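J.: Dropping the sequence and predicted coords here.
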Amino acid sequence: MPDVRAVRAFLDSKHIQLAERFAAFASWRVAPRPHPASDDEARVEARALLALLGGGEWFAAIAEQDLRACALIRETLAAASPLADAVFALQALGATPLVLAGSAAQRARWLPAVGRGEAMAAFAMTEPDAGSDVAAMTTVARRDGETYVLNGTKTLISNAGIADFYVVFASTSPARGKKGITSFLVPANHPGLVFVRPQVLSSPHPLGEIALRDCRLDLSAMIGQEGDGMRLGLATLDRLRATVGAAACGMAERALDEALGLAIVRRQFGKKLAEFQLTQDKIARMATDLTAARLLVYRAAWEKDGGAERVTVESAMAKAFATETAQRIVDDAIQIVGGQGVLADHPLDLLYRSVRALRIYEGTTEMQRLIIAGQVIAQAEASV
């Protein structure tokens with residue numbers, strides 16, 4: 001389970017109890033499950049994990065918007081199963097816009113099903129030419145009387161092809177740029193929403209491309225107000241970005257454990273690997289950086305849970321530092337373990353393939369650093 005001692009100052013007693021209960025659940029029900037070897041297997045396993053987590057009522061933290069609980073769950077899941085972490089993350093991404101701005105009917109229809117693991121969510125924002133530059137999206141929602149007609153393509157969408165509903169972002173006023181983007185709730189079986197193709201990752205995880213082809217929606221499908229989509233999307237990412245850092249910490253913690261487990265028993269040149277100073281240097285940096293990353297993650301979640309209106313900078317720091325740190329820790333762990341660590345059936349190989357995406361999705365490291373620098377510079381200029 002996550003080492004709650006290091007971040008105890010940011011947790012309430014209920015979070016410590018949750019960490020203990022969920023660690024037991026993950027160890028018993030999640031960790032023993034084999035990781036799928038293909039995209040087809042990953043799609044089946046993702047639905048199985050959805051039901052497993054829903055049956056344990058672990059998605060409740062999403063509806064409650066308890067970000068520290070979400071972070072603890074994601075950290076534990078990522079260490080046990082990167083795919084299970086992705087399932088939880090997408091439930092959060094798809095449900096949070098409904099929690100924040102969904103109509104009473106939308107919330108009543110979908111949120112209980114999300115919580116029970118009976119409805120799988122997807123968050124459809126990215127396009128072939130609109131990744132970090134969200135305002136460049138070309139998916140259009142044209143008003144036609146009491147309906148909107150959507151046309152466009154979304155790519156690199158997690159759960160594409162297996163989701164039950166999609167939160168889709170489209171431009172209702174292209175001339176207004178980012179202020180003209182609106183979000184819509186689109187059931188997967190709605191006419192005009194088409195699953196185009198899977199996009200296969202080296203670490204199997206359901207991903208793909210969808211298209212909106214004259215997809216006609218009632219006005220009731222809109223989430224929030226027209227033109228409010230960009231704000232809603234960014235508010236969702238602002239809340240959940242720190243939990244990406246939590247997942248990174250989980251992967252890093254698992255990697256460190258794997259490296260330590262071998263270093264204290266394997267002997268080379270007449271002594272244990274852990275007795276070599278170069279190994280000790282790596283382990284010291286790995287442990288220190290992991291602790292620092294966890295402190296940034298839980299500080300950001302604590303700030304938001306405490307009522308902060310925005311935690312943009314805190315979340316950016318948490319995600320950028322934790323994901324970059326996790327990449328280094330996994331790499332160092334493989335260096336300590338050696339050739340065994342790059343074999344396809346070794347946990348470190350899975351972590352190596354899984355951790356890389358965290359530095360990209362929900363805002364690249366470079367974008368997070370621009371956010372941080374902009375705030376720091378603005379504060380410095382204001383003090384002059």
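T.: Received the coordinates, thanks. Small disclaimer: the values here were computed from a predicted structure and weren't measured.
J.: Using the record, which stretches count as separate domains in this structure?
T.: 4-116, 121-227, 230-379 (automatic domain parsing).
J.: now the end-to-end length of the shortest one.
T.: When the termini of domain 121-227 are compared using Cα to Cα, to the nearest Å, they are 22 Å apart.
J.: on that earlier part again, dump the domains of the chain into a markdown table; add mean neighbour count as well.
T.: Where you see a C-beta, it was placed from the backbone N, CA and C, and this is true even at glycine. Converted to a markdown table, these look like this (neighbours: other Cβ atoms under 10 Å):
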| stretch | mean neighbour count |
| --- | --- |
| domain 4-116 | 20 |
| domain 121-227 | 19 |
| domain 230-379 | 20 |
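J.: and those as TSV, adding mean pLDDT?
T.: Formatted as TSV, the domains of the chain follow (pLDDT from 0 to 100):
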stretch	mean pLDDT
domain 4-116	96
domain 121-227	94
domain 230-379	94
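J.: can you pull out the strands in the stretch 201-350 of the chain?
T.: Per DSSP state E, counting those that start in this stretch, the stretch 201-350 of the chain carries strands over the ranges 207-218, 222-223, 267-268, 271-272.
J.: Now tabulate these in TSV and tack on distance to H15.
T.: Below are these laid out as TSV (distance: least, Cβ to Cβ, whole Å):
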stretch	distance to H15
strand 207-218	31
strand 222-223	29
strand 267-268	41
strand 271-272	37
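J.: Nearest to L296, out of the ones you listed?
T.: Checking the strands of the stretch 201-350 of the chain against L296 by Cβ to Cβ gives strand 207-218 as the closest, at 27.6 Å.
J.: before we move on, back to that, and of the strands of the stretch 201-350 of the chain, who's closest to Q375?
T.: Per Cβ to Cβ, nearest to Q375 of the strands of the stretch 201-350 of the chain: strand 222-223, 28.0 Å.
J.: Direction included, what does that closest one pair up with?
T.: strand 181-187 (antiparallel) (DSSP bridges).
J.: pull the CA atoms of the helix or strand following the strand it pairs with into PDB?
T.: Note on strand 181-187: by DSSP states H and E, the next helix or strand toward the C-terminus is strand 193-198. This file holds the C-alpha atoms of strand 193-198, laid out as PDB (Å, rounded to 0.1, in the frame of the first residue of the first chain):
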ATOM      1  CA  LEU A 193     -21.100   8.200 -33.400                       C
ATOM      2  CA  VAL A 194     -18.800   5.700 -35.100                       C
ATOM      3  CA  PHE A 195     -15.900   3.700 -33.700                       C
ATOM      4  CA  VAL A 196     -13.400   4.100 -36.500                       C
ATOM      5  CA  ARG A 197     -10.400   1.900 -35.400                       C
ATOM      6  CA  PRO A 198      -8.400   0.800 -32.400                       C
END
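J.: Give me the angle between strand 193-198 and strand 207-218.
T.: When axes from the mean of the first three to the mean of the last three Cα atoms, to 10 degrees is applied, the directions of strand 193-198 and strand 207-218 differ by 170 degrees.
J.: what residues are up against the closest residue to M137 other than its chain neighbours?
T.: In space, and not counting its chain neighbours, M137 is closest to A130: 4.1 Å by Cβ to Cβ, 6 or more residues apart in numbering. For A130, the contacting residues are 136-138, by Cβ atoms under 8 Å, 6 or more residues apart in numbering.
J.: Please tell me how far A130 sits from F169.
T.: 9 Å (Cβ to Cβ, to the nearest Å).
J.: which neighbours do those two share?
T.: With Cβ under 8 Å, 6+ apart as the test, A130 and F169 both reach M137.
J.: quick one: contacts for R310?
T.: D238 are the contacts of R310 under Cβ under 8 Å, 6+ apart.
J.: Backbone dihedrals for it, please?
T.: Dihedral pair for R310: phi -140, psi 140, per degrees, to the nearest 10.
J.: and if you look at D66?
T.: Torsion angles, degrees, to the nearest 10, at D66: phi -90, psi 90.
J.: give the contact list for the spatially closest residue to it that is not a sequence neighbour.
T.: What sits nearest to D66 in space, not counting adjacent residues and going by Cβ to Cβ, 6+ apart, is D305, at 6.5 Å. Each residue near D305 by Cβ under 8 Å, 6+ apart is listed here: 66-68.
J.: try 10 Å
T.: Applying Cβ atoms under 10 Å, 6 or more residues apart in numbering, we find D305 in contact with 10-12, 15, 64-71, 239, 298, 311.
J.: returning to that earlier point: could I get the contacts of A130 as CSV with secondary structure?
T.: Putting those into CSV (DSSP: H, G, I helix; E, B strand; the rest coil) gives the following:
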residue, secondary structure
A136, helix
M137, coil
T138, coil
